[in-house]
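Q: pasting the structure only:
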């Protein structure tokens, strides 16, 4: 059994769909996907929780791969408002939904081992290889951040992929300490900084478990379609996600996920037809 955690609002549907297609196409192990969501329309009108219909579609798709696969919506609006409502980092570099993973220890009945993934990731291999890594002595396992590990600290991590040992995290109070920082100290990379600063013991993994720059490496297990810097012919950033299929092909020159993305496009077309 592989326990996955995703976070977001109704706008993350395309990311969740592409990501779960890629994961369940490449592993035989049953996958349980928890999706933390919330209603935060008090901050922005578009901050609405992922819809039940979207959850139904996601579950239907992944159950076709393995009948034991499932998707569980977890609305943690009340927990968020108690812990982070109107806090210093609510309007950080990403949406407030990036903070939801910091509440995992407060949500009842969560598994002892949990693989958190950002919504802009795709599996290029069987993630059971990653999930089965022994982290019994660590709070979590992660990959170094491609820029932060050169600029901020040598062991600075990218929090887009976190293999979490929830028992150890509760013992060391990692997330409790991270929440305290989020509430009281404005940070550039809010959730990621809070996790890094609150860590007692982490396991650094090879880049293939969170590849942040090269999209066609054959040994990649998790590919991260995150923002990246380009220097030539002039300095700039680009931030194309996996569901931007045309840009993935034409600009990123990535074809490694074509089978998954073709399946995604067919499902999207079916959804569009059913909405008529």
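A: Everything's here; your move. All of these numbers come straight from a predicted model, not from anything done at the bench. Numbering: from 1, shown residues only.

Q: hey, what's residue 224 bridged with?
A: Beta-bridge partners of residue 224, counted by DSSP bridges, are residue 121.

Q: centre-most residue in this structure?
A: residue 118 (1.6 Å; CA atoms, centre = their mean).

Q: pull the distance from stretch 156-164 to the chain's centre.
A: 9 Å (CA atoms, centre = their mean, to the nearest Å).

Q: check which residues of that stretch are buried.
A: For stretch 156-164, the neighbour count (16 or more other CB atoms under 10 Å) marks 156, 157, 158, 159, 160, 161, 162, 163, 164 as buried. (Glycine included, C-beta is placed from N, CA and C.)

Q: next one: stretch 113-121
A: Those would be 113, 114, 115, 116, 117, 118, 119, 120, 121, for stretch 113-121 by 16+ other CB under 10 Å.

Q: helices of the protein, residue ranges please.
A: If DSSP state H is used as the criterion, the helices of the chain fall at 13-24, 52-63, 77-84, 128-131, 148-151, 166-172, 174-184, 190-198, 245-250, 258-274.

Q: for the protein, what helix or strand is lowest in average pLDDT?
A: One helix or strand of the chain scores below all others by mean pLDDT, DSSP states H and E: strand 228-230, with a mean of 70.

Q: for residue 187, give me its contacts.
A: Residues in contact with residue 187 (CB atoms under 8 Å, 6 or more residues apart in numbering) are 89, 92, 181, 193, 194.

Q: and the contacts of stretch 134-143?
A: By CB under 8 Å, 6+ apart, the residues outside stretch 134-143 that reach it are 113, 133, 157-159, 161-165, 168-169, 172, 174, 199-207, 209-210, 212.

Q: now the end-to-end length of it.
A: Length of stretch 134-143, first residue to last, CA to CA, to the nearest Å: 15 Å.

Q: got it, and stretch 38-58?
A: 18 Å.

Q: what of stretch 64-75?
A: Stretch 64-75 end-to-end distance (CA to CA) = 25 Å.

Q: run the chain-centre distance for that stretch.
A: With CA atoms, centre = their mean, you get 16 Å for stretch 64-75.
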